[in-house]
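*Asks:* any chance you can model this:
(2 chains)
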There are 2 protein chains.
Amino acid sequence: MTSAVPNLTTALTGPLLELEAHLLKRQADVECWLREQWLKTPAPFYASVDLRNSGFKLAPVDTNLFPAGFNNLNPAFMPLCVQAAQAAVERLCPKARRILIIAENHTRNLFYLESIETLKDIFEKAGLEARIASLRTDINEPVKIELPSGKICEISPLQRHGNRVAVVDFSPCLVLMNNDMSGGRPAILEGLEQQLVPPLNAGWSTRKKSDHFTHYTMVAHAFAEQIDIDPWLVSPLSLQCGEVNFMERSGMECLARNVETLLTAIQKKYDQYGIDRQPFVVLKADSGTYGMGIMMVKSADDVSKLNRKQRTKMSSAKEGLQVDNVLIQEGVYTFETLGDEQAVAEPVIYMMDHFVIGGFYRVHTGRGVDENLNAPGMHFEPLAFAQSCITPDRLDKPDAEPNRFYAYGVIARLALLAAARELA
Amino acid sequence: MTSAVPNLTTALTGPLLELEAHLLKRQADVECWLREQWLKTPAPFYASVDLRNSGFKLAPVDTNLFPAGFNNLNPAFMPLCVQAAQAAVERLCPKARRILIIAENHTRNLFYLESIETLKDIFEKAGLEARIASLRTDINEPVKIELPSGKICEISPLQRHGNRVAVVDFSPCLVLMNNDMSGGRPAILEGLEQQLVPPLNAGWSTRKKSDHFTHYTMVAHAFAEQIDIDPWLVSPLSLQCGEVNFMERSGMECLARNVETLLTAIQKKYDQYGIDRQPFVVLKADSGTYGMGIMMVKSADDVSKLNRKQRTKMSSAKEGLQVDNVLIQEGVYTFETLGDEQAVAEPVIYMMDHFVIGGFYRVHTGRGVDENLNAPGMHFEPLAFAQSCITPDRLDKPDAEPNRFYAYGVIARLALLAAARELA
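*Replies:* Numbering: from 1, shown residues only, chains lettered A, B, ... in the order given. Now for the predicted structure:
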């Protein structure tokens, strides 16, 4: 069978192979532990998680609670999405008959519209009436947009009537946010009597990257203890600096010191596992989004040498001057590449409730293995996973397709659990 | 696309097309109503439902709470089975780590063993340790049987220790019956501290066909009222006679009278819908199983003319002399046929918890459209459904594959709900 799955182009697969083999061997413990966690902290309604697979380490780099990209999933697994959507709706609001999806504001992005139309289709197949609404003030009546797939996407202006929102003649039971609210909590959605998921405090104006990764570190440690692995295999090392202002160059000493400390700690782990690579760290501004406020550095010197352009990029907020908390995180190489041209491939995993419903690779040409693949203007080709993430095969090799996808699903669910605790 | 899906070889598809179109149009009502029902009465752990599709009517003829035939499902939908199994285990016993499946006693039937091995695989993929046990007293140590698929099926003798059952060194949290207990409640399973599903009273020694269909009739009527259809389109007419003894010919007058009454009622419905077919009824002994105790008749005369062989067949219990309740049920033609030789095809739908996970057609050659297709010694070729039953497509024709399968899934769930109420 020929397979369009990326190859791990590194000899350093020892620790990962061991991790994959271990997850398979301890699968009953993994799943039982996760089931218990979801009882304590229900999963967010849906999420996507970007992973990095360096061959010696598998870790999440971003957890999106307002996922787009549903159109990139393998259509063969539509039934899996539908079933998970049924379970999600049933847990949250069993009497729901109508769902209203609140779209992002960039309604000219046809890729995004394909995603939201696919999402609508999932809910319709699951037996709900579904519509799409926009928060944009310049949309005053329903607009229909023809998509490359031939589908027609209809977006209606959101209206508020008392404590309810609606579009035209459609008053939903359930309001599903697919808008990350990076501009702040929309007033029109405050104090609704309808169920709104994810809640308003899940928006990027409230969420902090550092909170998420603090929870993730705790989740990863508890998980690692449960199944007897080194938590480092699934979790980036990290430190934080408060009160950083890149434009005024304040807090830079803390940054440089922590970068140094972290690089030393990473080198120690690399030595432990015999990894012959240069450590790097990623600086993440807490309030950054859409790949803004993210930077890779390989030495403490890099921090002091930041030029104006780089500093502006890190000052992600509109004014460009705000004081921010900065997360200094171990960088994870992406050693999955595809084809002769060695295009870098980054897996993205999708979940509905706590079910893993699929995933795809972002395949980038002309990007380095240590670069941020989800930056503004980045172009990627999606490559849908050929198989599901929930059919591991113990009789096959630990890194066989279904087993690698299973490992992705496990780590993605750890990130999902961190997000659940973050919102709780 | 060429498709191996049976054709409805009848012009009488009017009412069914209307039903399929109606289920699509009212899908939100259908699913919302079902969600509410499962909150009131949780679904059995798993089930399969045999349907009959006459083109003018779609109805269940048998609901099996200990389903076999998992090996006949489309492997492409394994993920759907795994996800549903995870949901089922989570609802019932979230801390379960080990599941023990109790097999039927006919352990020489390789088709059955393929099914139970597939079932075990579903649970293993869902993250449980799984084993298979037998109640047979002549199995004293684990036996390994090589299957046509190349898999090895290992069956171990069930052991009782205090209030727990186990096999060798494997003590399960969850005990799953895949043995229909037609021989009675196994003493070894009474009063377990472990969770046993389905419960002992779900066995055929306790269940009565008439109870099931009484519940089904009520379910079908409530459903029909909910979505404004004639309940007859999804539910066979039926009557009952108590105290029938076929060997002693007692209760035959009641049978003949009710057969007459029912044939007249069916004819009236046929006239209403312009159906040019001869009505027939099916006699079902309450305690019958494996297709025993079932007979088709086309007139009251048929009842009085029963020969000794036929009467023995209807006296299904071992002694062949017991007094039984008999269900007189409207016969539903099977007008789905496959290929040039017009082999009769009967759909069988599988569910785990309340999720429809797939189905297949039993394809019979040399059987009539009004015969019982699940009789002892019957040979059939399984034909897996090419698509799931949960991805209806409103933009396609009402009787397009995904929509026909969706209709099957809806009617099968009505039978599942009847079984749930029966067990409650």
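
*Asks:* for the rest of this, base every contact and every neighbour count on C-alpha atoms.
*Replies:* Fine.

*Asks:* tell me, how many neighbours does the residue of the stretch 151-300 of chain A found nearest chain B end up with?
*Replies:* The minimum distance from the stretch 151-300 of chain A to chain B, using CA to the nearest CA, falls at A:K151 (11.0 Å). The local packing of A:K151 (other CA atoms under 10 Å in any protein chain shown) involves 14 other residues.

*Asks:* same check on A:A28?
*Replies:* A:A28: 22 surrounding residues under other CA under 10 Å.

*Asks:* for it, give its distance to B:D286.
*Replies:* Counting by CA to CA, to the nearest Å, the gap from A:A28 to B:D286 is 41 Å.

*Asks:* could you do A:K309 as well?
*Replies:* A:K309 is 82 Å from B:D286, where distance means CA to CA.

*Asks:* these two: which has the busier surroundings?
*Replies:* Taking neighbours as other CA under 10 Å, A:K309 and B:D286 compare with B:D286 leading, 23 against 10.

*Asks:* quick check: the more buried one touching B:V326?
*Replies:* Yes. With contact defined as CA atoms under 8 Å, B:D286 and B:V326 form a contacting pair (5.7 Å).

*Asks:* hey, what's in contact with both of the two?
*Replies:* Residues touching both B:D286 and B:V326 (CA atoms under 8 Å, 6 or more residues apart in numbering or on different chains): B:S210.

*Asks:* I'd like the next helix or strand past the helix or strand of chain A with the lowest mean pLDDT.
*Replies:* Within chain A, no helix or strand scores below strand A:7-8, which has a mean of 58 by mean pLDDT, DSSP states H and E. Counting by DSSP states H and E, the next helix or strand C-terminal to strand A:7-8 is helix A:14-25.

*Asks:* can that next one be found next to chain B?
*Replies:* No. Helix A:14-25 lies apart from chain B when judged by CA under 8 Å from any CA of the partner chain; the minimum separation is 9.1 Å.

*Asks:* now do stretch A:124-137
*Replies:* Yes. For stretch A:124-137 and chain B, the contact criterion (CA under 8 Å from any CA) is met by A:K125, A:A126, A:G127, A:L128, A:E129.

*Asks:* so what's the residue count around the third one?
*Replies:* By that I understand A:G127. Neighbour tally, A:G127, other CA under 10 Å: 26.

*Asks:* quick one: low-confidence ranges for the stretch 301-424 of chain A?
*Replies:* Residues of the stretch 301-424 of chain A that meet the criterion pLDDT under 70 lie in A:316-321, A:323, A:366-378.

*Asks:* quick one, strands of it?
*Replies:* Per DSSP state E, counting those that start in this stretch, the stretch 301-424 of chain A carries strands over the ranges A:324-330, A:336-338, A:343-352, A:355-364, A:381-384.

*Asks:* just the CA trace of stretch A:53-66, in PDB.
*Replies:* Taking C-alpha atoms only, stretch A:53-66 is exported to PDB below (Å, rounded to 0.1, in the frame of the first residue of the first chain):
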ATOM      1  CA  ASN A  53       6.800  15.600  16.300                       C
ATOM      2  CA  SER A  54      10.600  15.700  16.500                       C
ATOM      3  CA  GLY A  55      11.100  12.000  16.600                       C
ATOM      4  CA  PHE A  56      12.400  12.200  20.100                       C
ATOM      5  CA  LYS A  57       9.500  14.200  21.400                       C
ATOM      6  CA  LEU A  58       5.800  14.600  20.700                       C
ATOM      7  CA  ALA A  59       4.200  17.700  22.200                       C
ATOM      8  CA  PRO A  60       1.300  20.200  21.600                       C
ATOM      9  CA  VAL A  61       2.200  23.700  20.600                       C
ATOM     10  CA  ASP A  62      -1.200  25.300  20.300                       C
ATOM     11  CA  THR A  63      -4.700  24.500  21.500                       C
ATOM     12  CA  ASN A  64      -7.500  26.100  19.600                       C
ATOM     13  CA  LEU A  65     -10.900  26.200  21.200                       C
ATOM     14  CA  PHE A  66     -12.600  27.700  18.100                       C
END
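
*Asks:* domains of chain A?
*Replies:* Structurally, chain A divides into domains by automatic domain parsing as follows: A:7-68+A:206-423, A:75-202.

*Asks:* per-residue confidence averaged over the last one?
*Replies:* Model confidence over domain A:75-202, given as mean pLDDT, is 94.

*Asks:* how close does the nearest residue to A:Q342 once chain neighbours are set aside get to B:G127?
*Replies:* The shortest distance from A:Q342 to any non-neighbouring residue, by CA to CA, 6 or more residues apart in numbering or on different chains, is to A:T365 (7.5 Å). Distance of A:T365 to B:G127, given as CA to CA: 37 Å.

*Asks:* what comes into contact with stretch A:119-132?
*Replies:* Contact partners of stretch A:119-132, identified using CA under 8 Å, 6+ apart, comprise A:70, A:78, A:81-83, A:85-86, A:96-103, A:116, A:154-156, A:170, B:27-32, B:390-393.

*Asks:* in PyMOL, select just the buried ones from the residues you listed.
*Replies:* Provided next is the PyMOL selection string for whichever of the contacts of stretch A:119-132 are buried by 16 or more other CA atoms under 10 Å in any protein chain shown:
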select buried, (chain A and resi 70+78+81+82+83+85+86+96+97+98+99+100+101+102+103+116+155+156) or (chain B and resi 27+28+29+30+31+32+390+391+392+393)
